[in-house]
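# Fold the following, please.
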Amino acid sequence: MKRLFAIRGATCAQNTRESITAQTLKMCKMIFDQNHLTPQDVVSMHFTLTKDLDTMNPCAAFRKEEKDIDTSSIPLFCSQEAFIQGGLEKVIRLMVTVYMDELSKPEHIYIDGAEKLRPDFAKQ
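Sure, this is the predicted structure:
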């Protein structure tokens, strides 16, 4: 039996098209690989960016540049992260809503500087 889960991820990037694209792809591939997901498992993917990342939309990067994951049937959405004084800068966050086996334990991915947001989810 499957149930609905939300898998979280975050990564830091520089404010260039190349960096946002590379970091988005890296984070997404890790989420898909470590959670054994297929595109058919995914309900939707919601990205957010801090206000200092404005050269590339991660949805567009993922849809245009990802070659191993068929994104054609995955609804992708992006919005700006709420600004919080003193918050971590240059962050791409992601919440993937998926169906997984009800006994599964989702693997959340916090990498490349974003580990400090959720040290309990960071890979050692």
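# Now name the helix or strand holding the residue nearest in space to the middle of the chain.
Central residue check for the chain by CA atoms, centre = their mean: the C-alpha nearest the mean position is that of residue 94, 3.4 Å away. If you go by DSSP states H and E, residue 94 is part of strand 91-101.
# Tell me the strands beside that strand, with direction?
strand 2-12 (antiparallel), strand 42-49 (antiparallel) (DSSP bridges).
# My understanding was that the residue nearest to the centre of the chain contacts residue 9; is that so?
Yes. Residue 94 is within contact range of residue 9, at 4.2 Å (criterion: CB atoms under 8 Å). For every residue, glycine as well, the C-beta is placed using N, CA and C.
# which neighbours do the two share?
27, 28, 31 (CB atoms under 8 Å, 6 or more residues apart in numbering).
# coming back round to it: tell me the confidence at the residue nearest to the centre of the chain?
Confidence at residue 94, expressed as pLDDT, is 98.
# Break down this protein into its helices, ranges please.
Counting by DSSP state H, one finds helices in the chain at the ranges 17-34, 58-65.
# And those: which comes nearest residue 75?
helix 58-65 (9.6 Å; CB to CB).
# Any regions of the protein where pLDDT drops low?
For the chain, residues meeting the criterion pLDDT under 70 lie at 122-124.
# Quick check: end-to-end length of stretch 68-86?
Criterion CA to CA, to the nearest Å; first-to-last residue distance in stretch 68-86 is 37 Å.
# outside of that stretch, which residues touch it?
28-29, 32, 39-40, 42-51, 57-59, 62-63, 91, 93.
# Could you check how far it is from the centre of its chain?
7 Å (CA atoms, centre = their mean, to the nearest Å).
# buried stuff in that stretch?
69, 71, 74, 76, 78, 81 (16 or more other CB atoms under 10 Å).
# so what's residue 104 up against?
By CB under 8 Å, 6+ apart, the residues touching residue 104 are 5, 35.
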